[in-house]
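*Asks:* Okay, sequence plus prediction incoming.
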Amino acid sequence: MNAQGVRRVVVAGGGTAGWMAAAAIARTMGRAVELTLVESEAIGTIGVGESTIPPLVTFNRLMGINEAEFMRATQATFKLGILFDGWKDGSDQYFHSFGNTGKDHWAAGFQHFWLRGRELGHVAPYDEYCLELTAALQNKFAHLPDDRMNYAYQLDSGLYAKFLRNLAEGDGARRIEGKIAQVELHPERGDVAALRLDSGERVEGDLFLDCTGFRALLIEGALHAGHDDWTHYLPCDAAIAIQTESVRPAAPYTRAMTHDAGWQWRIPLQSRVGNGIVYCSRYLDKDDALERLLGNIEGKTIVEPNFLRFGAGARRRQWHRNVVAIGLSGGFMEPLESTSIHLIQRAILRLLRMMPLREISARDIEEFNDQQMQEMLQIRDFLILHYKVTQQRDSAFWRYVSDMPVPDTLSQKIELFRETGRVFRKNDELFAENSWVQVMMGQGIMPRARHPIAEKLRDEELDTLLATLRENVARTVSQLPDHATYVARYCDGTGAR
Ligand code: FAD
């Protein structure tokens, strides 16, 4: 450790994780730390990661980023949620939106009132009470007063990293181009002392952020922090990504379409579309996966396919000694709910809250690891839900995932909802009640009962409530502009928000 305490922060790796971390630390800590980032153009980045969730909007705001400038630089479109194709039984569709549905009572979610409405003969789907969902399916978008439209972005994460690099360098971060050849450990303390580069240069530091992607050079390669394997719950272990020309105006949502050994994404950016197939290599080989992907894309391909292998799981200690793993080095879960960039953001904000001063505290490390792992486990349960409750049985892959035992925490959530219609957000988990309700009902779980409070309203009062809520959504959406037109105007700077 430097005589002045923890002053020298070294970021190893310059993908989305490395540059998000560097930009946030440089902007937040300013001259209080000396920040260096080492990256290797020869190694490059993973080159995928396009769909995000709403907290990224907050991250960008915290960084003081101008949204239109950011969207121009990253080819971003707005995202209101994900359209899931075929997850219930192979031929269905449902939408997981970023919005709230209807109006909750403090004691009971809106689903209880909607269920009572069904008993009274109301036939309008649950979806029609959600502004973001209805807007998405009509390809509409606008910023609304008081952030009434909850959104995220679909973006080119490589361009986002470049954009953040400019910010970070502008805020004083130093970048070194070079390949890390060796991670030097301190002979007595056993923590990381320096990175030795191919060129012979030594980069010393007090705190190191491992953003080296799946390689995890510091946290695993040097410090052996350990890895929890979750592939028995999330067996997909391969993907092929490819980009295509746009053939239609960009939709404000991502699509996740099942196939018989996994699923496929489609993410529309301003100028192109990101596509990819995620699959389990036990049930589908690479050539067949590529053929399947190429058979289900729209428009001409504009890059060569990018073949990727991964395993679901998390680094057991994401902060170990003086190394914090951020990004893929800390763990990975398939991009079904677009949570990886979010986990990067969470790790960075946590670290900023626990930034060491004189020395690294073992209590901070424990707290950080506990919070980070808790959040990953909650996301893991939510992803497993999509597979576990499927009614698809016509391939070995879908039979495996629907038969597999799942964590008790998840079984409790599913069965509680099935029996009572209730779902609870625990420990500030990322996906709130309405996300669980949308996915569970979308996948065909209809509660057997509902909260008695829904009977508090007389039948006519409930009729009026449901009609008013639905009309409000329909009226607001009818006044919204077309999404692609709005994006073009917004990014041009010619259209007011
Ligand atoms: P990388 O991009 O791999 O960066 C690693 C960095 O370390 C690079 O700069 C590299 O040069 C450097 N490096 C490595 N070794 C060395 C060395 N020896 N010397 C010097 N430098 C080195 N996330 C989402 O949020 N949404 C999505 O839709 C999404 N889709 C995905 C789809 C797939 C198939 C996969 C696999 C991931 C997806 N992700 C998604 C995750 C997302 O891609 C990553 O979380 C994100 O890109 C961060 O990656 P990273 O920076 O940790 O690693």
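*Replies:* Arrived safely.
*Asks:* Show me what the helix ranked longest in the chain packs onto, helices and strands only.
*Replies:* Ranked by residue count and defined by DSSP state H, the top helix of the chain is helix 362-388. Where contact means 3 or more C-beta pairs under 8 Å, 6 or more residues apart in numbering; DSSP states H and E, helix 362-388 is packed against strand 319-320, helix 340-353, helix 396-403, helix 408-420, helix 433-442. Every C-beta, even on glycine, is put in place using the N, C-alpha and C of the backbone.
*Asks:* Can you check which of the ones you listed gets nearest to the ligand?
*Replies:* Nearest to the ligand, of all these, is helix 340-353, at 3.2 Å by C-beta to the nearest ligand atom.
*Asks:* contacts for the strand or helix carrying residue 293?
*Replies:* Per DSSP states H and E: residue 293 is located in helix 286-294. Residues outside helix 286-294 that contact it (C-beta atoms under 8 Å, 6 or more residues apart in numbering): 238, 240, 242, 259, 261, 264, 275-277, 279, 284, 301, 305, 307.
*Asks:* which element follows that helix toward the C-terminus?
*Replies:* Next along from helix 286-294, by DSSP H and E: strand 306-309.
*Asks:* So for that next one, mean pLDDT?
*Replies:* Across strand 306-309, the average pLDDT comes to 97.
*Asks:* And stretch 278-295, by the same measure?
*Replies:* Stretch 278-295 comes out at a mean pLDDT of 98.
*Asks:* buried residues in that stretch?
*Replies:* 278-280, 283-284, 289, 292-293 (16 or more other C-beta atoms under 10 Å).
*Asks:* residues touching residue 46, list them.
*Replies:* Contacts of residue 46 by C-beta under 8 Å, 6+ apart are 15, 213-214, 308, 328.
*Asks:* switch the cut-off to 10 Å
*Replies:* Residue 46 is in contact with 15-17, 157-158, 213-214, 241, 306, 308, 310, 327-328, 332, 340, counting by C-beta atoms under 10 Å, 6 or more residues apart in numbering.
*Asks:* Of those residues, which fall within the contact range of the ligand?
*Replies:* 15-17, 157, 213, 241, 308, 310, 327-328, 340 (C-beta under 6 Å from any ligand atom).
*Asks:* which of those has the most neighbours?
*Replies:* For the ones next to the ligand among the contacts of residue 46, counting by other C-beta atoms under 10 Å, the largest number of neighbours falls to residue 17: 33 neighbours.
*Asks:* Can you name the element that comes right after the host helix or strand of that residue?
*Replies:* Using DSSP H and E, residue 17 maps to helix 16-29. Scanning forward in sequence from helix 16-29 by DSSP H and E, the next helix or strand is strand 34-39.
*Asks:* buried residues in that following strand?
*Replies:* Applying 16+ other C-beta under 10 Å to strand 34-39 flags 34-39 as buried.
*Asks:* what's near enough to touch the closest residue to the ligand within the stretch 351-497 of the chain?
*Replies:* Per C-beta to the nearest ligand atom, the residue of the stretch 351-497 of the chain with the smallest distance to the ligand is residue 379, at 11.2 Å. For residue 379, the contact set (C-beta under 10 Å, 6+ apart) comprises 333, 336-337, 339-340, 342-343, 429-431.
*Asks:* Any chance of those in CSV with pLDDT as columns?
*Replies:* Formatted as CSV, the contacts of residue 379 follow (pLDDT from 0 to 100):
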residue, pLDDT
333, 98
336, 97
337, 97
339, 97
340, 97
342, 97
343, 97
429, 93
430, 95
431, 95
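*Asks:* Any residues of the stretch 201-350 of the chain in contact with the ligand? List them.
*Replies:* So far as C-beta under 6 Å from any ligand atom goes, the stretch 201-350 of the chain lies against the ligand at 211-213, 215, 217, 239, 241, 276, 308, 310, 327-328, 335, 338, 340-341, 344.
*Asks:* So the nearest residue to residue 396 once chain neighbours are set aside: helix, strand or coil?
*Replies:* Nearest residue to residue 396 in three dimensions, chain neighbours excluded: residue 283, at 5.6 Å (C-beta to C-beta, 6 or more residues apart in numbering). Here residue 283 is coil, with the state taken from DSSP: H, G, I helix; E, B strand; the rest coil.
*Asks:* can you count the residues close to the nearest residue to residue 395 once chain neighbours are set aside?
*Replies:* Excluding its sequence neighbours, the residue lying closest to residue 395 (C-beta to C-beta, 6+ apart) is residue 260, at 3.8 Å. Residue 260 sits with 16 neighbouring residues when counted by other C-beta under 10 Å.
*Asks:* got a list of what the closest residue to residue 435 other than its chain neighbours touches?
*Replies:* Leaving aside its sequence neighbours, residue 435 sits nearest to residue 96 (C-beta to C-beta, 6+ apart; 6.3 Å). Neighbour list for residue 96: 81-84, 87, 133, 253-254, 256, 336-337, 382, 386, 431, 434-439, 442 [criterion: C-beta under 10 Å, 6+ apart].
*Asks:* so residue 274 is in which element?
*Replies:* Going by DSSP H and E, residue 274 is in strand 272-279.
*Asks:* Between helix 396-403 and that strand, find me the angle.
*Replies:* 80 degrees (axes from the mean of the first three to the mean of the last three C-alpha atoms, to 10 degrees).
*Asks:* Cross-check the contact I'm expecting between residue 350 and residue 371.
*Replies:* Yes: assessed by C-beta atoms under 10 Å, residue 350 is found in contact with residue 371 at 6.0 Å.
*Asks:* Identify the contacts common to the two.
*Replies:* residue 318.
*Asks:* ok, these two, which is more surrounded?
*Replies:* When residue 350 is set against residue 371 and neighbours are counted by other C-beta under 10 Å, the residue ahead is residue 350, at 21 against 18.
*Asks:* separation between the more buried one and residue 10?
*Replies:* 18 Å (C-beta to C-beta, to the nearest Å).
*Asks:* and if you look at residue 47?
*Replies:* Counting by C-beta to C-beta, the gap from residue 47 to residue 10 is 24 Å.
*Asks:* I'd like the buried residues of strand 34-39 as TSV, with pLDDT and distance to the ligand appended.
*Replies:* Shown next, in TSV, are the buried residues of strand 34-39 (pLDDT from 0 to 100; distance: C-beta to the nearest ligand atom, whole Å):
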residue	pLDDT	distance to the ligand
34	96	19
35	97	16
36	98	12
37	98	9
38	98	6
39	97	4
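*Asks:* Show me which of the residues you listed is closest to residue 105.
*Replies:* The closest of the buried residues of strand 34-39 to residue 105 turns out to be residue 35 (C-beta to C-beta; 48.2 Å).
*Asks:* how about that closest one, what does it touch?
*Replies:* Counted by C-beta under 10 Å, 6+ apart, residue 35 has contacts 7-11, 21-23, 25-26, 29, 168-169, 171-175, 205, 209.
*Asks:* Name the nearest residue to it, sequence neighbours excluded.
*Replies:* residue 173 (4.4 Å).
*Asks:* Ramachandran angles for that neighbour?
*Replies:* Note on residue 173: backbone dihedrals following degrees, to the nearest 10 are phi -70, psi 140.
*Asks:* how far away is it from residue 323?
*Replies:* Counting by C-beta to C-beta, the gap from residue 173 to residue 323 is 19 Å.
*Asks:* and the one residue in the stretch 251-400 of the chain that gets nearest to the ligand, what is it in contact with?
*Replies:* With C-beta to the nearest ligand atom as the measure, residue 327 is the residue of the stretch 251-400 of the chain nearest to the ligand, at 2.4 Å. Applying C-beta under 10 Å, 6+ apart, we find residue 327 in contact with 13, 15-18, 20-21, 45-46, 49, 209-214, 216, 340-341, 343-344, 347-348.
*Asks:* Buried ones among the residues you listed?
*Replies:* 13, 15-18, 20-21, 45-46, 49, 209-213, 216, 340-341, 343-344, 347-348.
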